[in-house]
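Asker: What shape does this take:
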Amino acid sequence: MIVWALDPFLGDDISHEAINIRAANLVALLARTGLKDERIQTITVLSPEQLNWPQAFHGEWETRFREVVFARIKDFLVSPHHRLGELADRIEEPLLISQGLPSVRQSAADLLKVAENEEARLIVATTIARPRTSRWVLGSFCEALIAGSKIPLMILNPEAQIPDDIGRVRLATDLRDDDEDSKRELETAAGWAKSFSSVLSLEHRLLVPIAPMLEPGLTPAPLPLTDIQAYYEADRVQKHRVADEWCRAMTRDEGVQCEAKFISGVGSLTESLVASMAPDGASIAAISKGHPAREMIRHARVPVLVLPRT
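Answerer: All right, here's what the predicted structure looks like:
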C-alpha cells in the first residue's frame, strides 16, 4: 500500500492546492511504475492547531470539521487537475484521524501506526519547508514522520519538480565499506531502483582539502599539515574503489545498472548534494535519515526518498 499523508491545510503562505496537485501526480507516477500492485490510502490527521483551536478538539466541533474535511478531500481526489483519476479504482476511502490535543509528534505517531498496521511500502508526504524560527515554534510534521518511521518516505517540498519518469535513483552515500548501515542503505536503494527499472546512481561528496572542518562529522586528518593533500588523495582513491565494488555487486546480485558520481567543491555537504541533484525530468533522490536528510527534504529540487535505518 502507498500511504499518502494528505494535508488539505498546508498554510497561508503557499498554495496548498498547487503542492497537493503535484503530490497527487507523484503518487500517480509511483503507482504506475515501481508500485503497480499497491493500493493508495490517503490519511489526514485532524488536529486543533489546524483551526487555531486553543483547547481539546472533540464533540460537535470535531464532527462538523470532519465532515468538511472529508468532503474537501473527496472533491480533491476526483479533480481533473492531476493524474490520480486514472487510478480511481485503486484509491481507498479517505481516512481521517482525530488528534484531540495539538501535538505534531503524536499526530505523526498516529499516522505511522496506521501505516504500519496496513503494511505500507511507502509513505508520501509534503513539507512546506518553514523557516527555522517557525519550525522551532510550530514543529515539523514531516520531520516527526522521518524521525519515527520504519517505513521509507517520499518527501516533496514546494521547490521540487515531479519527474516524468523515474529512470534514476540517486543515492547520497558516504561509501563506507566498513559500515553495515551504509551497506543496508545501498541494498534498500538498489531494491527501489530495481522496482522502478531505473539506474542506481551512487553520489558522494569528496572531501575538500581547503575546508576540512565544514564536513559534518569529519574527524581532522591524523597527519601533519604537509601531508594533508596525500590524505585527501588516498581518500579519493579509496572511495572510487568502494564505489566500483558496490556497483559491481549490485549489478551482479540485484541485476541493477549502477554508476557512481563524485561531487567536489566548497560549501556544506547538503548544499553540494542539492546542487548536484538538479531536476532532469527522470530522477529522485535517496538518502538515509539523519541531519543531511533533514536539510535535503527542505531544499532538494527533486522528490526525496528517505530510507529508514534499521
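Asker: where does the stretch 151-300 of the chain have low pLDDT?
Answerer: Confidence mapping of the stretch 151-300 of the chain against pLDDT under 70 gives the ranges 208-227, 265-270, 291.
Asker: quick check, Pro158 in a strand?
Answerer: No. Membership of Pro158 in a strand is not supported by DSSP: H, G, I helix; E, B strand; the rest coil, which gives coil.
Asker: Correct me if wrong: it contacts Ile128.
Answerer: Yes. Pro158 lies in contact with Ile128 (C-beta atoms under 8 Å); the separation is 6.3 Å. C-beta here means a position set from N, CA and C on the backbone, and glycine is covered the same way.
Asker: does Glu185 sit in a helix, a strand or a coil?
Answerer: Strictly by three-state DSSP, Glu185 counts as helix.
Asker: how deep is it tucked in, by neighbour count?
Answerer: Glu185 has 23 neighbouring residues, counting by other C-beta atoms under 10 Å.
Asker: That one and Leu111: what is the separation?
Answerer: Distance of Glu185 to Leu111, given as C-beta to C-beta, to the nearest Å: 23 Å.
Asker: does Arg170 have beta-bridge partners, and which?
Answerer: Ser201, Ala285 (DSSP bridges).
Asker: What distance do you get for it to Thr126?
Answerer: Taking C-beta to C-beta, one finds Arg170 at 20 Å from Thr126.
Asker: nearest spatial neighbour of Ala108, skipping sequence neighbours?
Answerer: Nearest residue to Ala108, sequence neighbours excluded (C-beta to C-beta, 6 or more residues apart in numbering): Ala144, at 3.6 Å.
Asker: can you pull the buried residues of the helix or strand where the one you found lies?
Answerer: Taking DSSP states H and E as the definition, Ala144 sits inside helix 141-148. Buried residues in helix 141-148, counted by 16 or more other C-beta atoms under 10 Å: Phe141, Cys142, Glu143, Ala144, Leu145, Ile146, Gly148.
Asker: and it, what other elements does it pack with?
Answerer: helix 104-117, strand 122-126, strand 153-156, helix 291-299 (3 or more C-beta pairs under 8 Å, 6 or more residues apart in numbering; DSSP states H and E).
Asker: Just after the last one, pick out the following helix or strand.
Answerer: On the C-terminal side of helix 291-299, the nearest following helix or strand under DSSP H and E is strand 304-307.
Asker: And the contacts of that following strand?
Answerer: With contact meaning C-beta atoms under 8 Å, 6 or more residues apart in numbering, strand 304-307 is reached by 146, 149, 152-156, 160, 169, 185, 188-189, 192, 284-289, 293, 296-297.
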